[in-house]
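Student: Structure for the following, please:
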Amino acid sequence: MRLQPQTESLARARILAQMATQSLIDEARLSPKPGLVDSRGNGAHLDLSLALMERSAHSLTSTFQALALQSWQRPADIALRQTIGRLGREGEQQMMAATGGVNTHRGAIWALGLLVSAVAMLGGAANAQAIADAAASLAALPDTAAPKVFSKGLRATRRYQVPGAREEAQNGFPHIMRLALPQLLRSRRQGASEDEARIDALMAIMTSLSDTCVLSRAGLPGLETMQNGARAVLLAGGCRCPQGKAALAQLDTRMLALNASPGGAADLLAATLLLERISEPHLHD
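Tutor: Purely as a prediction, here's the structure:
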């Protein structure tokens, strides 16, 4: 029996929200990640833990579902952009309530929220490029209702004159489309385990991302350490190779010594995992 349009959009919105939440949890649990919270511990963070990251992810499920429902088969216009902006800010408040005021996933709400909205705009079925393009068209629109706040990330982009999360989305997520997704598929083909392939995808993002979390904590020397260290892991063959594992351990040690955590790269890895999930055929059966 064919679902009624309203019932179908609600069912798809629930699936999309679950996928977004699971992508955040998968990213948080993935180990070993240099300087980041993972299954081993808190990385370079005093205020974060894996349990807190998972609680935060679950608190966002209803936000992702609302984003999907509101965006269902709608064009990218100012009205939709303002709606998703408002829902994102409400989701941020829910996240802060769940974490006791700790910013666990602000960047991820932006990236994954846009992708969820984008696939819903396309009726729940599209390939990765079409979803990234739809997200970019939405991100390019102004949200006049957004409060004029200077987050740490925005301050870092201005101070160091580098692109941030906003530009990444407006450009169609190049670190996902050109680096992370191709690396994920390449590592799998070369015999890496799923966790190893995902770490390699994270390294691919870290090779060139102007990670504002790292810049805020460790400046340009920290960013260079991250980018050079990530390149060393991939040049050594990735995480499936002993040399790659050794390079990863070395990068972890350096990031911890700098008290630097590549949170922006982690957000994009979660978005990569989501984009792969929502562009897979099984969602549309």
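
Student: Which helix or strand contains residue 163?
Tutor: Per DSSP states H and E, residue 163 falls between elements, in no helix or strand.

Student: Next up, the contacts around it.
Tutor: Listed by C-beta atoms under 8 Å, 6 or more residues apart in numbering, the contact set of residue 163 reads 157, 171, 210. Every residue, glycine included, has its C-beta placed from N, CA and C.

Student: Buried among the residues you listed? Make that a ChimeraX selection.
Tutor: Selection of buried members from the contacts of residue 163 for ChimeraX, criterion 16 or more other C-beta atoms under 10 Å:
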select :157,210
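
Student: Now render the contacts of residue 163 as a markdown table, adding secondary structure, pLDDT and distance to residue 236.
Tutor: Putting these into a markdown table (DSSP: H, G, I helix; E, B strand; the rest coil; pLDDT from 0 to 100; distance: C-beta to C-beta, whole Å) gives the following:
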| residue | secondary structure | pLDDT | distance to residue 236 |
| --- | --- | --- | --- |
| 157 | helix | 79 | 31 |
| 171 | coil | 97 | 29 |
| 210 | coil | 95 | 24 |
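
Student: All the helices of this protein, in order from the start?
Tutor: Along the chain, the stretches classed as helices by DSSP state H are 5-29, 50-59, 61-71, 78-99, 106-121, 128-139, 152-160, 165-170, 174, 181-189, 194-206, 212-235, 242-257, 263-278.

Student: now stretch 264-277: how far from the chain's centre is it?
Tutor: Taking C-alpha atoms, centre = their mean, to the nearest Å, one finds the center of stretch 264-277 at 4 Å from the center of the full chain.

Student: Then stretch 255-263?
Tutor: 18 Å.

Student: Contacts for it, please.
Tutor: By C-beta under 8 Å, 6+ apart, the list of residues contacting stretch 255-263 from outside reads 34-36, 43-45, 107, 206, 209, 211, 213-214, 217-218, 221-222, 225-226, 229.

Student: Return the members of the residues you listed classed as buried.
Tutor: Burial of the contacts of stretch 255-263 was assessed by neighbour count (16+ other C-beta under 10 Å); the buried members are 34-36, 43-45, 107, 206, 209, 211, 213-214, 217-218, 222, 225-226, 229.

Student: sorry, back to before: from the contacts of residue 163, which is closest to residue 188?
Tutor: If you rank these by distance to residue 188 using C-beta to C-beta, residue 171 comes first, at 25.9 Å.

Student: isn't that closest one right up against residue 135?
Tutor: No. Using C-beta atoms under 8 Å, residue 171 makes no contact with residue 135, being 10.3 Å away.

Student: Tell me which other helices or strands the helix or strand bottoming out on mean pLDDT in the chain touches.
Tutor: In the chain, no helix or strand scores lower on mean pLDDT, DSSP states H and E than helix 152-160, which sits at a mean of 77. Under the contact criterion of 3 or more C-beta pairs under 8 Å, 6 or more residues apart in numbering; DSSP states H and E, the helices and strands touching helix 152-160 comprise helix 212-235.

Student: surely residue 266 meets residue 36?
Tutor: Yes. Taking C-beta under 8 Å as the definition, residue 266 is a contact partner of residue 36 at 5.4 Å.
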